[in-house]
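J.: requesting a structural model of the entry that follows:
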Amino acid sequence: MDDDVEAVERELTRALRAWTVASTLAGAVAVVVGKRREDPALRALGEQTVLWAAVDGAVLGAGAAVRARADGPPPAERLRLLLTANAVADVGYVALGAALASRPDRVPRRLRRRRRGRRTSEAELRAHGLAVVVQGLALLVLDTRAARKLGRSAR
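T.: Purely as a prediction, here's the structure:
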């Protein structure tokens, strides 16, 4: 069973690392192209994507630190519970991003950050929301797939 948990952890780490690299590169390209084309929405999409990549990278770092201190892999049930909790949070990210993308007009003006004397536009808020939806869906797939694999290995 420990071998199964270790295998799931390794696969999840590889997948999250690949997603982090892809998000970093795609986000950086979107920021650069958005700036060149003077397209604030594309730039916002890229910025949000790079921010998520930074969070994903921090999660990878924290996971590596925890594994380095551990005497072995966590029990399958504890890892499954963590992945399930993450999946619930992922659904929340998708819902929040979808709400922002579909109704940016509901964000109060006082909450829209200022950039060079202007507030974040509705198009930029939509792009931020779309980026959150994409990230949340990707993380949901990674977390649920790993949890399912743990469920199969426990049988």
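
J.: by mean pLDDT, which helix or strand of this protein comes out lowest?
T.: Sorting the helices and strands of the chain by mean pLDDT, DSSP states H and E puts strand 114-115 at the bottom, at a mean of 72.

J.: check which helix or strand the residue positioned nearest the centre of the chain maps to.
T.: For the chain, the residue nearest the mean C-alpha position is Gln135 (4.1 Å; C-alpha atoms, centre = their mean). For Gln135, the host element (DSSP states H and E) is helix 122-153.

J.: about what we covered before: for the residue nearest to the centre of the chain, what are its contacts?
T.: Ser23, Gln48, Thr49, Trp52, Tyr93, Gly97 (C-beta atoms under 8 Å, 6 or more residues apart in numbering). (C-beta placed from N, C-alpha, C; glycine too.)

J.: now these as a markdown table including secondary structure?
T.: Putting the contacts of Gln135 into a markdown table (DSSP: H, G, I helix; E, B strand; the rest coil) gives the following:
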| residue | secondary structure |
| --- | --- |
| Ser23 | helix |
| Gln48 | helix |
| Thr49 | helix |
| Trp52 | helix |
| Tyr93 | helix |
| Gly97 | helix |
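
J.: got these as a markdown table, with neighbour count and pLDDT columns?
T.: Output for the contacts of Gln135, formatted as a markdown table (neighbours: other C-beta atoms under 10 Å; pLDDT from 0 to 100):
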| residue | neighbour count | pLDDT |
| --- | --- | --- |
| Ser23 | 25 | 98 |
| Gln48 | 25 | 97 |
| Thr49 | 27 | 98 |
| Trp52 | 23 | 97 |
| Tyr93 | 18 | 97 |
| Gly97 | 21 | 97 |
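
J.: tabulate the residues you listed (CSV), appending distance to Ala15.
T.: Compiled in CSV, the contacts of Gln135 are given as follows (distance: C-beta to C-beta, whole Å):
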residue, distance to Ala15
Ser23, 12
Gln48, 21
Thr49, 17
Trp52, 15
Tyr93, 17
Gly97, 21
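
J.: and these, which is closest to Leu140?
T.: Distance to Leu140, by C-beta to C-beta, is smallest for Tyr93 among the contacts of Gln135, at 8.2 Å.
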